[in-house]
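**Student:** Pasted the sequence and its predicted model underneath.
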4 protein chains.
Amino acid sequence: MDPEAQPEVTWRPGDRVSSAADYRASLRGRHLAVHLMGERVAEPLDHPVIAPSINAMAATYELATQDPELGSAQSALTGSPVNRFLHVTGSAADVVAQNRMQRRLGQMTGTCFQRCVGMDAINSLFSLTYDVDHAEGTEYHRRFSEWLAGVQRQNLVVAGAMTDPKGDRALPPHAQHDPDLFVRIVDRRADGVVITGAKVHQTGAVNSHWMIVMPTMRLSEADRDYAVVAAVPVDAPGVTYVYGRQSSDERALSDQGIDVGNACFAGQEVMVIFEDVFIPTERVFLSGEWEYTADLVERFTSYHRRSYVCKTGVADVLIGAAAQAAEYHGVIGASHVKDKLVEMVHLNETIYGAGIAASFESFQRPAGNWENDGLLANVCKHNVTRFPYEIGRLAQDLAGGLLVTMPGEAEFDDPALGPLLDKYLATGPDIPVVDRRRILRLIENMTMGRNAVGYLTESLHGAGSPQAQRVQIARQADLPAKQAMARRLAGIDDHH
Amino acid sequence: MDPEAQPEVTWRPGDRVSSAADYRASLRGRHLAVHLMGERVAEPLDHPVIAPSINAMAATYELATQDPELGSAQSALTGSPVNRFLHVTGSAADVVAQNRMQRRLGQMTGTCFQRCVGMDAINSLFSLTYDVDHAEGTEYHRRFSEWLAGVQRQNLVVAGAMTDPKGDRALPPHAQHDPDLFVRIVDRRADGVVITGAKVHQTGAVNSHWMIVMPTMRLSEADRDYAVVAAVPVDAPGVTYVYGRQSSDERALSDQGIDVGNACFAGQEVMVIFEDVFIPTERVFLSGEWEYTADLVERFTSYHRRSYVCKTGVADVLIGAAAQAAEYHGVIGASHVKDKLVEMVHLNETIYGAGIAASFESFQRPAGNWENDGLLANVCKHNVTRFPYEIGRLAQDLAGGLLVTMPGEAEFDDPALGPLLDKYLATGPDIPVVDRRRILRLIENMTMGRNAVGYLTESLHGAGSPQAQRVQIARQADLPAKQAMARRLAGIDDHH
Amino acid sequence: MDPEAQPEVTWRPGDRVSSAADYRASLRGRHLAVHLMGERVAEPLDHPVIAPSINAMAATYELATQDPELGSAQSALTGSPVNRFLHVTGSAADVVAQNRMQRRLGQMTGTCFQRCVGMDAINSLFSLTYDVDHAEGTEYHRRFSEWLAGVQRQNLVVAGAMTDPKGDRALPPHAQHDPDLFVRIVDRRADGVVITGAKVHQTGAVNSHWMIVMPTMRLSEADRDYAVVAAVPVDAPGVTYVYGRQSSDERALSDQGIDVGNACFAGQEVMVIFEDVFIPTERVFLSGEWEYTADLVERFTSYHRRSYVCKTGVADVLIGAAAQAAEYHGVIGASHVKDKLVEMVHLNETIYGAGIAASFESFQRPAGNWENDGLLANVCKHNVTRFPYEIGRLAQDLAGGLLVTMPGEAEFDDPALGPLLDKYLATGPDIPVVDRRRILRLIENMTMGRNAVGYLTESLHGAGSPQAQRVQIARQADLPAKQAMARRLAGIDDHH
Amino acid sequence: MDPEAQPEVTWRPGDRVSSAADYRASLRGRHLAVHLMGERVAEPLDHPVIAPSINAMAATYELATQDPELGSAQSALTGSPVNRFLHVTGSAADVVAQNRMQRRLGQMTGTCFQRCVGMDAINSLFSLTYDVDHAEGTEYHRRFSEWLAGVQRQNLVVAGAMTDPKGDRALPPHAQHDPDLFVRIVDRRADGVVITGAKVHQTGAVNSHWMIVMPTMRLSEADRDYAVVAAVPVDAPGVTYVYGRQSSDERALSDQGIDVGNACFAGQEVMVIFEDVFIPTERVFLSGEWEYTADLVERFTSYHRRSYVCKTGVADVLIGAAAQAAEYHGVIGASHVKDKLVEMVHLNETIYGAGIAASFESFQRPAGNWENDGLLANVCKHNVTRFPYEIGRLAQDLAGGLLVTMPGEAEFDDPALGPLLDKYLATGPDIPVVDRRRILRLIENMTMGRNAVGYLTESLHGAGSPQAQRVQIARQADLPAKQAMARRLAGIDDHH
């Protein structure tokens, strides 16, 4: 697997991004202000910590090439094929296809491929801007559709920028000690608006072409200036990216070979700071209509919470790694080992079931696009906040203690030590120790290393922390209807 | 709710069963050999313990009348509408509609309505007989289709009779100390076959018109005589029914009013004994082809394990009852109470998600009918073996200790005691104690009384005990594919 | 096992109760106002529903006879041996011995033996009255000690009466729509007080000689009249008992043999109504000192929550029954069966560990008696609200579906049907079907029948519902100390 | 906290190690062959990756100084005080004190302090050598006691070396493709034995003075040469140490300040290779008596599995960190936050309860020392393989997503970026962002960084992987006794 091995590329700015190679070319030379490990990164494509996250995003283009039916779709806006991540869903089958694509990409990369936020933002805004226009006489939907059509023609990557720093969680935006703790409009000009603030936990921002800025929560009238939705080029003036430091990220820096675990792929989380960033009117899709922010957040999280089906693809890799380790150890046939693998699969498919059920149960919005069921989407995500930790625990169980005591690559490369290590870590005459090491380092990578960020912690907090799902489940549970069913069978409603 | 209140019925044997009233009429006067509490039951319809189970089955006719789109379907065999429980699925949407119907009936009855086994047997046999005929040159599919068309024209109830007593679980049928421990062909005549044996845990048999006898597990050649599938009228000579004694069933006997919990509805489990029962050739759908029994069991359990979505409808009632109890106690707004209700809903919808996902993911068999995904069906059922117990525990938590210490109906009816009990069990001036009692008795009924059988224990063992699902999940998990994904990302397959 | 088979008894009122036979004799002829199933019970000892609960209580005397070291102790008040349930703990070893005795009695009876509340009330009040006297100059401790010494000399059974009906859970006693919803002093006379109200969920009250009335929660000054602690003879004028109706209780009524499950033993829950009951001053141990009620409740629940170790003894029986069923079915050696038994044992011993750890970690009160650790006691009880449900689920798993579909005793006794049933329910030539039935009926009894009340629902609500433990765990967790540890290691406290 | 800040040390080889400063001095200049990151480490004390593990071990001396009652004991062998880790238990209270000391050290260090294996090995061998001598007429106990007395006089650190590489898990030592996959005697000389092999997952070996080599499992006669127990000086000729590479270990290398999470403390896991290491007869404590190896392993694991109570001390830090994070975020009062903290405490104390219950329930061996209960010890450890993962998940829940997206130290130190980051990551005007960062990095360290190794994976595999406990629980559960209890109550044993 050498994702960098690509044919010569002739892509030029403005060209359609038709392949992973084009995609890489499109990122080069943008001079983004990206900061990591004490330096401004000269070229993210060439940075050993960042490159794996670009590889993961590039996989979304590779899939579209290799399996067009899964990875792309026919756009009703342009009449042409477009990467499925840019597609406005035209049917329930389209919504389901997103989930299938997500699982496949999770299997291909073993990590977060970073492109779902944008996909879900596009679909949420397609219907929301339509509804706002219908109610308010604005023209957000027309603007949004035109912008999106352009993006689709170039087949670009769109990131969604939603999560504000939030300061004191008990206070609304306008009441914070610093008004910038949520992104806001600081100036309204004839030709556009100027925004200031920051977005945290931004997945794949550096690897994108566009960001869609959105409010992070229900706003009230006093927060009118915070009700802003707009598309911003990733390389817009005034935008700064600060890359997050994550578990074991330094292993990518020096030549540590196998110890990296997953040499090709990783996720990306950055903090994005907006300092007086100007956005022309045509790219502003909400501007002060605070009444619609709750609805926007609900639609977005509904889409996005069942997008966490991606983690079932990642878990397929982890389950496979655990089974492979058991095979190397000669215990794959032990009943307790089989039972643990079954449990991992069971938990994983339970997540998958709720996710695609949500997608299958889609309904059509007045704007014409399809949206999945909200209750099942929240149920899906809520299981994602629990089961990956148990799957990870079981993977560590099957991996054995060597997972955390294994000598490093340098010792295995040492001419004196290496043979001793190979001698003592052999589990059979025909099982290469180097492969055992590779599998264990992959499990380490996914359960406590770099990709544990995506598989575990992001599973917990992405698309809203657990309590956010519980609030939504409570709202959508329709307890009064259930109480009426109970009263009927208990003979209460009847006998009154 | 008075399910007995019906218009005058003019149904005659041979007529189509068009309503719940027709259905009741069709059961009367059949002189079945039903044994319960030491007596042969004169007329099951009139027996206070049995009547609630007939009410539950009757609800499947009521639903077809009230909501024909959900409760019925257009048969391709007859060209006419038929109760959905008799329908051969013509699309994935048909498979999904079964789940929707099941949830609704669970909500309507709060118990097992007993008709799913037959529905799932019909669909399994429709495709299996087709495949056997194709391979073996038999004519089982023609026979089955003709029989089924007749049943559909009369709109009758079909039960599936699968589970044999099994004797020593470690031995196959032919090696048991008694050859009758699995149903078998004891005589082959020119015009048909004669069977002997028993089927245990038969749900709703007494309430049906037909039973389809099927083998319970994979058979080998030595078990050829046990490989029999056939349709038997419930009132065939030589068939005896022994009704199971269940928790709190005596409460239905005397006049215990509210204490029954769910006055109208209950499940039914009987043991059916076949003593030299003759079956004419036209109703024999498998006779000795042991090679197909594993496939039959797998198809049937695949359908039937996602049929356990019915329990989510039952749980809707239980969740509603718990919420109602919390409301009567004035604590519905307490955060820990809300949190428990959310957890109950979350677990319940997790089951539902896996179930309808299985149905949505249906594929078409060569016979033309549609069958759900097997892995997700097993995952659904496996969650059903776990979550109802936790939902039940939480319901008991919200109910409070009075659930198990509450005085009986007779004490409340006592002129001296009744007012004292009402005084001390009041939770507010405007909340009728009688309603509090009704809700608590319903929760008792569903978590440790008569309908706990259906909601808990049957959830555990119906359609196969937990380990049976684990075996199937192991078989369908495709671990080698997952191991290959892991090896690829770990760089193993690549570097060799 | 025939607990009624006793030598001739010569016990007379006033005599010391020295044996189970004495105990039974001491209950006879008391003319208590006990109501059950529409009648005033002539003699509880002779009532088939009540007798098993008396048998369970009698086991506490039997144990003291059979194993005096475990079942009795040397009283410091009288200088003589006394049943351990009446003993004031003189050491941590005494507190631990209570737990050991409780587990043993759970094993002997398979149900609630009803005597722990009194034991825990005695020890709570011994220290509390001492502390009140010390602070307030009252003489409650002297009164209490004298009363207790008398009770010890006669070796009587003391019940604790704490739980009030509570009405609207959001309101304190004095603000309820009916002031009697908590027991209160309605008259103060020169020679004593008069109380009115009710206590619900009273375990074993009818089987006791004395009840100690105690407030159920923290009270404020406005609730002064509710702050009453007093000893009341069970047969005091004005006291009425209403027996609770429980799952499957009718099986004890008629001759249902094996179907009862546990023929000898059951628990008892009654509602006790006090109508103007007079209590002489010498038996009043708190009267208006509302400031001490919170402390009393905390001490009592601390003792009582680790008393739920009794359930581990009950679970020993249930685990044994599940293993026995697996043996009868020929699957005791299957790896998944062994694994389930291990899980049951593991959960059960986890409860036991926390309980006896709490007892081992006892401290001495100024009054001289020893009291267990509160945090671990709450942790013990909180696990009791969870694990028995899972143990019960696993027991039902191992029991198989016949648990809820098995024909009743009458059918097995039928000369025609019986042999057929025995034929088909045989699991091997040498395994008596009647024993299989006995084990399955015992599992039914403990997981959804009469003794499920004690093993499951009482485990949930007895000694306080789950949320009550969480509140106490929060109070005793000392989070500030833990935060300081974290700040120290994070370098926070240091660098400031 | 600056563990290196110590008074001047005058310790010389052979002196008693009386303080943490002495201890550090005793480690310096030993010229161990320690390999890490491609180099032979010149001096482990000075290596930034290794030093934190020495700090953690040093805390065991600090505690003995600061709290002698907890950290030390009076040796019956020498008549003098000795660090409690070297003490032969003289009472149940001594066994309990070990657990209390372990929890305290977990709280002090937030990681594995590495000294328990030696303590548990000492106590296991004290009784085992006695029993072997008694049965076989050997003099192992005398040798062991003399050696131990010498170690106690110098107050040294003893490591236990048990886990062999094991090769193919399905084969015994002598049947492996390489006979060295378990440590074995390769030569028996007049004055001693020579061993070859390796021990993996060696906790704290580099930080110790002595290692006790022990077999890792039950051996048969064919494995006689593998039945060797002996004391080896850590700096014996022929011993090589290969340090394990662990999650985020590089953060300790360069100057990454806060990002290290826990600047002072970490665990240590190395692989130890023995190449023809000579051991004089006086330090050989078993040599070929294969019959006793199962018993040795069982005694050691019994002690060691309840030693995992140490993790409750570590969890106290993690719970405190989560609470501190919630306080910084202004949500400590939210009901769902409080509930999660309660759950963490509940799980943690559940582990503690089983652990100290095991210790309280100690019994005396013929050798005179006390040993904890085995069943409860296995139950304790089995909970340790589960609950820390859930506690870690909840800690990550309360930490929030910034846990894995936070910029690194270098960016905060940047004069331009730093103020921006501080601006946007402020959660209130009075809460220093630097402290928020410190707490989040500590939680990262403990749940997916360096100390996650000790808190999570070692909790899973240390002292035996989960299945090892299940095997022991099965052996110690005494199912036949439980079955007899069930049969008695079911009336089975009685009626035969």
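**Tutor:** Great, that's in hand.

**Student:** can you pull out the strands in chain A?
**Tutor:** Counting by DSSP state E, the segments of chain A that form strands are A:33-36, A:39-40, A:72-74, A:81-83, A:158-161, A:184-189, A:192-203, A:210-213, A:228-233, A:239-243, A:269-280, A:284-287, A:363-364, A:370-371.

**Student:** Okay, now the sheet partners of the third one, with direction.
**Tutor:** Read that as strand A:72-74. strand A:81-83 (antiparallel) (DSSP bridges).

**Student:** How about chain A: which residue is closest to chain C?
**Tutor:** A:Ser335 (3.8 Å; CB to the nearest CB). No exception for glycine: its C-beta is placed from N, CA and C like everyone else's.

**Student:** That residue and C:Lys338 touch, don't they?
**Tutor:** No. With contact defined as CB atoms under 8 Å, A:Ser335 and C:Lys338 do not form a contacting pair (9.1 Å).

**Student:** Who has more neighbours out of the two?
**Tutor:** Taking other CB atoms under 10 Å in any protein chain shown, A:Ser335 and C:Lys338 do not tie; C:Lys338 has more neighbours (20 against 13).

**Student:** list the contacts for the residue of chain A closest to chain C?
**Tutor:** Counting by CB atoms under 8 Å, 6 or more residues apart in numbering or on different chains, A:Ser335 touches C:Ser335, C:His336, C:Asp339.

**Student:** Now with 6 Å, please.
**Tutor:** By CB atoms under 6 Å, 6 or more residues apart in numbering or on different chains, A:Ser335 lies in contact with C:Ser335.

**Student:** Where does the prediction get shaky in chain A?
**Tutor:** A:1-7, A:494-496 (pLDDT under 70).

**Student:** redo that, cut-off 80
**Tutor:** Where chain A drops to pLDDT under 80, the residues are A:1-9, A:254-256, A:263, A:494-496.

**Student:** relative to helix B:335-360, how tilted is the helix ranked longest in it?
**Tutor:** Secondary structure of chain A per DSSP state H: the longest helix is helix A:335-360. Counting by axes from the mean of the first three to the mean of the last three CA atoms, to 10 degrees, helix A:335-360 points 90 degrees away from the direction of helix B:335-360.

**Student:** one step back: want to throw the strands of chain A into CSV with mean neighbour count?
**Tutor:** As requested, the strands of chain A are arranged in CSV below (neighbours: other CB atoms under 10 Å in any protein chain shown):
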stretch, mean neighbour count
strand A:33-36, 21
strand A:39-40, 14
strand A:72-74, 20
strand A:81-83, 22
strand A:158-161, 27
strand A:184-189, 16
strand A:192-203, 23
strand A:210-213, 26
strand A:228-233, 23
strand A:239-243, 22
strand A:269-280, 22
strand A:284-287, 23
strand A:363-364, 12
strand A:370-371, 22
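
**Student:** Now these in JSON lines, please, with extra columns for distance to D:Trp147.
**Tutor:** JSON lines is the format used below for the strands of chain A (distance: least, CB to CB, whole Å):
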{"stretch": "strand A:33-36", "distance to D:Trp147": "54"}
{"stretch": "strand A:39-40", "distance to D:Trp147": "56"}
{"stretch": "strand A:72-74", "distance to D:Trp147": "73"}
{"stretch": "strand A:81-83", "distance to D:Trp147": "71"}
{"stretch": "strand A:158-161", "distance to D:Trp147": "65"}
{"stretch": "strand A:184-189", "distance to D:Trp147": "73"}
{"stretch": "strand A:192-203", "distance to D:Trp147": "57"}
{"stretch": "strand A:210-213", "distance to D:Trp147": "68"}
{"stretch": "strand A:228-233", "distance to D:Trp147": "72"}
{"stretch": "strand A:239-243", "distance to D:Trp147": "55"}
{"stretch": "strand A:269-280", "distance to D:Trp147": "54"}
{"stretch": "strand A:284-287", "distance to D:Trp147": "78"}
{"stretch": "strand A:363-364", "distance to D:Trp147": "77"}
{"stretch": "strand A:370-371", "distance to D:Trp147": "74"}
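
**Student:** ok, back up a step: can you give me how far the longest helix of chain A is from the chain middle?
**Tutor:** Centre-to-centre, helix A:335-360 and its host chain are 20 Å apart (CA atoms, centre = their mean, to the nearest Å).

**Student:** can you check stretch A:36-47 too?
**Tutor:** Computed by CA atoms, centre = their mean, the chain-centroid distance of stretch A:36-47 equals 22 Å.

**Student:** Over to stretch A:245-258?
**Tutor:** 22 Å.

**Student:** What is the end-to-end distance of it?
**Tutor:** End-to-end distance of stretch A:245-258 (CA to CA, to the nearest Å): 21 Å.

**Student:** And chain B, is it touching that?
**Tutor:** No. Stretch A:245-258 lies apart from chain B when judged by CB under 6 Å from any CB of the partner chain; the minimum separation is 7.2 Å.

**Student:** ok, residues contacting stretch A:44-58?
**Tutor:** Applying CB under 6 Å, 6+ apart, the external contacts of stretch A:44-58 come out as A:3, A:20, A:23, A:27-28, A:34, A:41, A:109, A:111, A:113-114, A:204, A:206-207, A:249, A:252-253, A:264-268.

**Student:** Buried subset of these as a ChimeraX selection?
**Tutor:** Provided next is the ChimeraX selection string for whichever of the contacts of stretch A:44-58 are buried by 16 or more other CB atoms under 10 Å in any protein chain shown:
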select /A:3,20,23,27,34,41,109,111,113,114,204,206,207,249,252,264,265,266,267,268
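
**Student:** how about the residues of the stretch 201-350 of chain A that lie near chain C?
**Tutor:** Residues of the stretch 201-350 of chain A lying near chain C by CB under 6 Å from any CB: A:Ser335.

**Student:** Up against chain D, what does the stretch 201-350 of chain A have?
**Tutor:** Counting by CB under 6 Å from any CB, the stretch 201-350 of chain A comes close to chain D at A:201, A:242, A:244-248, A:250, A:259, A:269, A:273, A:329-331, A:336.

**Student:** neighbours around the residue of the stretch 151-300 of chain A found nearest chain B, how many?
**Tutor:** Closest residue of the stretch 151-300 of chain A to chain B, CB to the nearest CB: A:Asn262 (5.3 Å). Using other CB under 10 Å, A:Asn262 has 27 neighbouring residues.

**Student:** which ones are touching the nearest residue to A:Arg103 once chain neighbours are set aside?
**Tutor:** With CB to CB, 6 or more residues apart in numbering or on different chains as the criterion, A:Arg103 has its nearest non-adjacent residue at 4.0 Å, and that residue is A:Gly313. Counting by CB under 6 Å, 6+ apart, A:Gly313 touches A:Arg103, A:Gly106, A:Gln107.
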